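K.L.:
Dropping a prediction and its sequence here:
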Amino acid sequence: MRATRQGQQGGRVSIEAPMDASNVMLICPNGECERANRPVRTRSAVTDEGRKIRVCAKCGAEIPTAE
Ligand SMILES: [Zn+2]
């Protein structure tokens, strides 16, 4: 992300950077990963039904999305 210029006057500016969904860090629902208590890297996968899902790159558990 580009750093904002220092010393700028005015209100806070929030920048919503477009993020590749596959790079978003999520908490894995898998118990073992959950114990680690930190976000896991995900990768996308396609189910047998052709549904696009996200899976934990660590354990392969499906991570449901809020979309
Ligand atoms: Zn996991």
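P.N.:
In hand now; what should we look at?

K.L.:
Residues of this structure that sit close to the ion?
P.N.:
With the criterion set to Cβ under 5 Å from the ion, the chain comes near the ion through 28, 30, 33, 56, 58-59, 61. The C-beta positions use only the backbone N, C-alpha and C, and glycine is treated the same way.

K.L.:
In those, which residue is surrounded by the most others?
P.N.:
The most crowded member of these, judged by other Cβ atoms under 10 Å, is Cys28 (25 neighbours).

K.L.:
List the contacts of it.
P.N.:
Neighbour list for Cys28: 34, 40, 56, 58-59, 61, 63 [criterion: Cβ atoms under 8 Å, 6 or more residues apart in numbering].

K.L.:
and those as JSON lines, adding pLDDT?
P.N.:
As requested, the contacts of Cys28 are exported to JSON lines (pLDDT from 0 to 100):
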{"residue": "Glu34", "pLDDT": "70"}
{"residue": "Val40", "pLDDT": "83"}
{"residue": "Cys56", "pLDDT": "89"}
{"residue": "Lys58", "pLDDT": "87"}
{"residue": "Cys59", "pLDDT": "89"}
{"residue": "Ala61", "pLDDT": "89"}
{"residue": "Ile63", "pLDDT": "85"}
